[in-house]
Structures are given as structure tokens and as C-alpha cells.
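Q: Got a predicted structure plus its sequence, pasted below:
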Amino acid sequence: MKLKVGFYGITGCAGCLLSVIFNEDEILDLVDLVDLKAFPFVKEVNIDEKFDYVFMEGLVADNDDLKTLKKLRKNSKFLVSLGACASTGCVPAYRQYTLKENYEHLIYKKQKRLQDLKASPIDDHVKVDYYIPGCPPDKKEIVNFVKNLVIGKEPKPFESPVCVECRQNGNQCLLDLGKPCLGPITAGGCDAVCINGKFECWGCRGPTKDMNLDLMIKMLRDRGFDDKFIQDRMRTFVGLKMPMIEEYMCSTGTANRLKTSFKGKKEYFE
Ligand code: SF4
Ligand code: SF4
Ligand code: SF4
């Protein structure tokens, strides 16, 4: 019997799901390996279906998201958090740092049935069995994950920081060039793809278990980056899972400055 698998999305950009579809070489393998019951854009079924595995993209932002998530959790043996939005909040969580009045008119006042909820990763609401990190996750990583499930092999997260793969690839360290790379505190497994292309790591795969936040902040400050810059950079992909950034920066007064600047944005939004 093939595993019954469903892919779903709540609030996100659909980029994680597209990562699966655009996996031209492997998508047909995947369809052969499992009984694919649901996939947005391709094959939709209602959420009352029973699954072995559900892959969930996106974070919880409103009452519809929460209802969908809880129903799918109930109907699946295993729930997989697919991508940074579902796991750590990512870009859609940025609204968390502005005032509600800056965004609610864009959707919540137009679609009356939607009730705004605090932006939150899915494991704030339901048990998550596995995480596939990244924004978006690596295409091959998703397919390998499914292949491991099929042969009964427990998928293991990559726990070393991005710096390990970066050094193996022979890249020059961007911190040494004065760039704000978050590789030292970010879990690898992406082959340091951004640094290979000369872009610094923004931390999309989430923090390592033993990250040294103090040292990372010190290294960035030593290179001339101010606290607002550091806080914004660290928040971008993992803000909801790193509340210590807020606490850390609050002690320096940065949080107050941010509040003022978001109030300034109000006029821009309106
Ligand atoms: S993790 Fe990135 S690619 Fe995936 S839904 Fe969120 S923003 Fe889009
Ligand atoms: S460039 Fe970034 S990821 Fe690579 S070694 Fe330096 S800090 Fe680490
Ligand atoms: S280098 Fe950093 S930002 Fe780029 S894919 Fe890897 S974890 Fe994400």
C-alpha cells in the first residue's frame, strides 16, 4: 500500500509548493512512490480526507488558517512543516512588527468572514512531526525526504551551521569582507547556496540548536551594523522563533525606536 500524502498551504506565497512542482526531474518519481491525494494547483481534495503524511506550507494568520490546520492535523498520522513560514514565521510574520491598523484594511475589512489572528508558526497550534526548513526548501531535499519515508528511514535534520558547507565549498568568508552573514547561527543543509553566489546568508533555515547569539551580534556590531539593522535581518526569516532577539535589543532601546518608525509607516500604508 502506498503512503497517502497531501500537500496544503495556508498563509504563505506558495513558493514551497512550487518548489515541489518545479522539480521536473523528480516529480514523476514522487507521484509514483506515493498516493498523492492533494496538491494545490494540481489536485485538490477536501480536508476531510485521511492521510499518512500532510505537508503544510504557510503560517497561521487568520481563523480559516487555524481551522484548516487543525482539521488536517486530526486527519493525518504525521504532519510535516514545509518551509520557513510554517516553521519560523518568515516574511509573512513581518506584520507582527507593525500596527494592526497598517494592514487590516488590506484584507480583513474586505473579507468579513476572516478574523485576524496573531501570526504564528504552525507548531504554536498543533504537534509537528517533521520540519523541512528553508525559504523555499531545496527541491531535492523535499524529494529525498519523501523517498526516506517510503523506505521507512527516519529523516534527520542537518544540524551543523551553514559555515561548515560554506568552508567545504572554499568560499571566502563574507564576514571578513564586512558583510552581515548569518551563517554561523543558521542550520545548514542548503550547501551554502547563497554564499556560493556571493550573497550573505539571511538565516532562512532557522537557528542552530547551539547558536551563539551574543557572539553573532558582537561580530555584526564590530563590523559597523547598528542594532536596528541586526534586529531586522535576524527577524526576516525566523523572527517568531527567536523572541530573544527582541529581548536582547530591548535592553539597548532598539525596540522603542522600531515602534516609532512603524508609526511613521502608517501614513505610507494609508
Ligand atoms: S517559506 Fe518562503 S517560499 Fe515558502 S511560503 Fe514562505 S515565503 Fe513562500
Ligand atoms: S561567509 Fe557566512 S557562512 Fe560562509 S564561513 Fe563566512 S560567516 Fe560562515
Ligand atoms: S545560505 Fe542561508 S539564506 Fe541561503 S539558503 Fe542557506 S540558510 Fe537560507
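A: Sure, I can see it. Ligands and ions are numbered 1, 2, ... in the order given.

Q: And the residue of the stretch 1-150 of the chain closest to ligand 2?
A: Ligand 2 sits closest to residue 134 of the stretch 1-150 of the chain, with a gap of 15.0 Å, by Cβ to the nearest ligand atom. Quick note: C-beta positions are derived from backbone N, CA and C, even for glycine.

Q: Now that residue: which helix or strand?
A: Under DSSP states H and E, no helix or strand contains residue 134.

Q: Which pLDDT value goes with it?
A: At residue 134, the model reports a pLDDT of 95.

Q: Who are the contact partners of it?
A: By Cβ atoms under 8 Å, 6 or more residues apart in numbering, residue 134 lies in contact with 83, 84, 141, 189, 190, 204, 205.

Q: restrict those to contacts with ligand 3.
A: 190, 204, 205 (Cβ under 6 Å from any ligand atom).

Q: rewinding a little: what about the contacts of residue 134, which are in helices?
A: Among those, the members found in helices (DSSP state H) are 84, 141.

Q: With distance to ligand 1, neighbour count and pLDDT added, can I get the contacts of residue 134 in CSV?
A: As requested, these are exported to CSV (distance: Cβ to the nearest ligand atom, whole Å; neighbours: other Cβ atoms under 10 Å; pLDDT from 0 to 100):
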residue, distance to ligand 1, neighbour count, pLDDT
83, 3, 30, 96
84, 4, 33, 95
141, 13, 16, 88
189, 15, 21, 94
190, 13, 22, 94
204, 7, 25, 95
205, 10, 30, 94
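
Q: Tell me how far the residue of the stretch 1-150 of the chain closest to ligand 2 lies from residue 96.
A: Taking Cβ to Cβ, to the nearest Å as the measure, residue 134 falls 20 Å from residue 96.

Q: Name the nearest residue to the residue in the chain positioned nearest to ligand 2, ignoring sequence neighbours.
A: Ligand 2 sits closest to residue 183 of the chain, with a gap of 2.2 Å, by Cβ to the nearest ligand atom. Distance criterion Cβ to Cβ, 6 or more residues apart in numbering; nearest residue to residue 183, sequence neighbours excluded, is residue 162 at 3.8 Å.

Q: do residue 147 as well
A: residue 33 (6.8 Å).

Q: repeat for residue 237
A: Per Cβ to Cβ, 6+ apart, closest to residue 237 is residue 204, 4.4 Å.

Q: Over to residue 219?
A: With Cβ to Cβ, 6+ apart as the criterion, residue 219 has its nearest non-adjacent residue at 6.2 Å, and that residue is residue 175.

Q: Up against ligand 2, what does the stretch 151-270 of the chain have?
A: So the stretch 151-270 of the chain meets ligand 2 at 162-163, 166-167, 171, 173-175, 181, 183-184, 192, 195, 201 (Cβ under 6 Å from any ligand atom).

Q: Show me which residues of the stretch 151-270 of the chain sit near ligand 3.
A: So far as Cβ under 6 Å from any ligand atom goes, the stretch 151-270 of the chain lies against ligand 3 at 162, 186, 190, 192, 193, 194, 195, 201, 202, 203, 204, 205.

Q: Buried members of these into ChimeraX, please.
A: Of those, the buried ones go into a single ChimeraX selection, burial set by 16 or more other Cβ atoms under 10 Å:
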select :162,186,190,192,194,195,201,202,203,204,205
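
Q: tell me which of the residues of the stretch 151-270 of the chain next to ligand 3 is nearest to ligand 1?
A: Of those, the one sitting nearest to ligand 1 (Cβ to the nearest ligand atom) turns out to be residue 204, at 7.4 Å.

Q: give the contact list for the closest one.
A: 84, 90, 133, 134, 135, 186, 190, 237, 238.

Q: pretty sure the last one contacts residue 202?
A: No: Residue 238 is beyond contact range of residue 202, at 9.4 Å (criterion: Cβ atoms under 8 Å).

Q: all helices of the stretch 151-270 of the chain, in order?
A: For the stretch 151-270 of the chain, applying DSSP state H, counting those that start in this stretch gives helices covering 162-168, 193-196, 213-222, 227-238, 243-250, 254-269.

Q: And the ones you listed, which one averages the lowest pLDDT?
A: Note on the helices of the stretch 151-270 of the chain: helix 254-269 shows the lowest mean pLDDT, a mean of 40.
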